[in-house]
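Chemist: sharing a model that was predicted from the sequence below.
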Amino acid sequence: MAASVWKRCVTAAVKVKCLSPSLSARRWLLSAAYRDTKVWDAREKDPQNLALLAATMDRTYELNLPVSSLTVSRFVDNISSQEEVIQAEYYLYKFRHSPNCWYLRDWTTHNWIRQCLKYGVKDKALHTLKNKVQYGIFPDDLTFNLLIDSYIEDGDLKSACSVVEEVMLQEAFDLPSTQILCLYTLGSYLATRPQLTVSEERLLGASLLICGMKQDNTVGLSAQLLGNALLGKVEMLKGIHAVFKGMPLSWERGYLGQALAVMERVAAASGDVKLSKDTLDYMNDLLQELSSTSDSDSSSGEESAAEENKKEETTDEDDQAEQAKLPQYVNRFKELSSQLESEGKVDSASFQASATALAQQNLAAAEKPDLEQYESRMQAWEAENRQLIQREKEMRAKALQEKLERLAARAAA
């Protein structure tokens, strides 16, 4: 169903080649400096025997004692093969379900993703990310960027889009570089005309909307239009509760109305802000699809009692009132589309092409502050790590002293 909706957008892949030869010559977007591991590899190392570390952790857990975050950090840092990545995944899971679960260090999460990329098992990174409650993996912006870019390099846009959805759920669209990468990924993935379930449309819609709100330009506004349209479709079909469940969205009904509000804002704006033609075509097709579904439901009148009860459970009176507004939305969309067309505010370039142009023009400049922030973050991580090591030495010395005192007291008795 979703594939037919996107039939007008298939020319995007052809246009991108003409628009940005530098991006079509290589799949990844981030620069070599951004992807370089020299800064990370130059940090202080703490060589460990993983077999001994694993045995120590196993024995500690058997005694129902907490394993320290420093021990888990050491294990991840000393990974040297795919098999050890799998071992580390197990101990990340065990640590997440231990009393110390809140203390997994940020650099351990960053290191875990880097190790997965280094040893060619990024599927493990994505698995722990999508199951973050079970593994405690909450990456920072730069780490997200590296993982997204790695999937783009492989041409695996679906997995790259899955990472973008995790960025959305974590509300981590703060860096301009992350915004640009995510918009590029979303545009490129949608241009492949994927077959989407309602659940997938909800995730994509929220990703487009929240990320698009960070960019006040043609790409950002087109993303907002698409995001609101997708969420509006879910709202019309499943009710507002299906939209908000597990999503960082404000509790506000009428997503199709919000999509129209984006069109009104562009129509009233001064300057060169436009909406991509294919996003307007998409919303037009979506409204026609919803109208056809509504007409077929009202004309059939043959729903069973079970189907009626199920529908009442998922939608309430307010949902039904919103569904009744569909004809108004259709008419208003036609009016705004004509207005935008007459004012020259419809961009003939596809959403994918516009997102690619944005990446080509702005991504390099957005990388510089990221790298500066990364260097300062590395220094803070190393300082904290040294403090933890010193604290560990002091605690071990104290424990040894207490043991010797107990032995001496026992011998004196």
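Modeler: Looks like it came in fine. Residues are numbered from 1 along each chain as shown.

Chemist: give me the mean pLDDT for stretch 241-259.
Modeler: Stretch 241-259 shows a mean pLDDT of 91.

Chemist: again with stretch 394-402
Modeler: pLDDT averaged over stretch 394-402 gives 91.

Chemist: using CSV, write down the CA coordinates of it.
Modeler: The C-alpha trace of stretch 394-402 is given here as CSV (Å, rounded to 0.1, in the frame of the first residue of the first chain):
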residue,chain,number,x,y,z
GLU,A,394,42.0,2.4,47.4
MET,A,395,39.1,0.1,48.0
ARG,A,396,41.2,-3.0,47.3
ALA,A,397,43.9,-1.7,49.7
LYS,A,398,41.3,-1.0,52.3
ALA,A,399,39.8,-4.4,51.9
LEU,A,400,43.2,-6.1,52.2
GLN,A,401,44.0,-4.1,55.3
GLU,A,402,40.7,-5.1,56.9
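
Chemist: renumber starting at 395 from here on
Modeler: From this message on, residue numbering opens at 395, which makes the last subject stretch 788-796.

Chemist: what's the spacing between it and its chain's center?
Modeler: What separates the centre of stretch 788-796 from the centre of its chain is 44 Å, taken as CA atoms, centre = their mean, to the nearest Å.

Chemist: do stretch 734-743 as well
Modeler: Stretch 734-743 has its average C-alpha position 31 Å from the chain's average C-alpha position, going by CA atoms, centre = their mean.

Chemist: end-to-end on that stretch?
Modeler: End-to-end distance of stretch 734-743 (CA to CA, to the nearest Å): 15 Å.

Chemist: ditto for stretch 503-519
Modeler: 10 Å.

Chemist: mind checking the pLDDT average for it?
Modeler: When pLDDT is averaged along stretch 503-519, the result is 97.

Chemist: also stretch 717-735?
Modeler: Confidence over stretch 717-735 (mean pLDDT, whole number) is 96.

Chemist: can you check stretch 761-779 too?
Modeler: Mean pLDDT, computed over stretch 761-779, is 95.

Chemist: buried ones in it, by neighbour count?
Modeler: Neighbour counts over stretch 761-779 (16 or more other CB atoms under 10 Å) mark 761, 764, 768, 772, 775, 779 as buried. No exception for glycine: its C-beta is placed from N, CA and C like everyone else's.

Chemist: could I get these as JSON lines with secondary structure?
Modeler: Formatted as JSON lines, the buried residues of stretch 761-779 follow (DSSP: H, G, I helix; E, B strand; the rest coil):
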{"residue": "E761", "secondary structure": "helix"}
{"residue": "D764", "secondary structure": "helix"}
{"residue": "Y768", "secondary structure": "helix"}
{"residue": "M772", "secondary structure": "helix"}
{"residue": "W775", "secondary structure": "helix"}
{"residue": "N779", "secondary structure": "helix"}
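
Chemist: closest one to S467 out of these, please.
Modeler: Checking the buried residues of stretch 761-779 against S467 by CB to CB gives N779 as the nearest, at 7.4 Å.

Chemist: how far away is the closest one from E737?
Modeler: Separation of N779 from E737 (CB to CB, to the nearest Å): 57 Å.

Chemist: cool, and E658?
Modeler: As for E658, its distance to E737 is 12 Å (criterion: CB to CB).

Chemist: list the contacts for Q618?
Modeler: Listed by CB atoms under 8 Å, 6 or more residues apart in numbering, the contact partners of Q618 are 602-603, 606-607, 653, 656.

Chemist: got the phi and psi for it?
Modeler: When quoted as degrees, to the nearest 10, the phi and psi of Q618 stand at phi -60, psi -40.

Chemist: spatially, what comes nearest to it if we skip its sequence neighbours?
Modeler: Among residues not flanking Q618 along the chain, G606 sits closest, at 4.0 Å (CB to CB, 6 or more residues apart in numbering).

Chemist: tell me the confidence at K439?
Modeler: At K439, the pLDDT recorded in the model is 87.

Chemist: helices of the stretch 495-644 of the chain, start to end?
Modeler: Ranges of helices in the stretch 495-644 of the chain, per DSSP state H, counting those that start in this stretch, are 500-512, 516-524, 526-529, 535-548, 551-563, 570-584, 592-606, 612-632, 634-638.

Chemist: out of these, which gets nearest to L798?
Modeler: Per CB to CB, nearest to L798 of these: helix 500-512, 33.4 Å.
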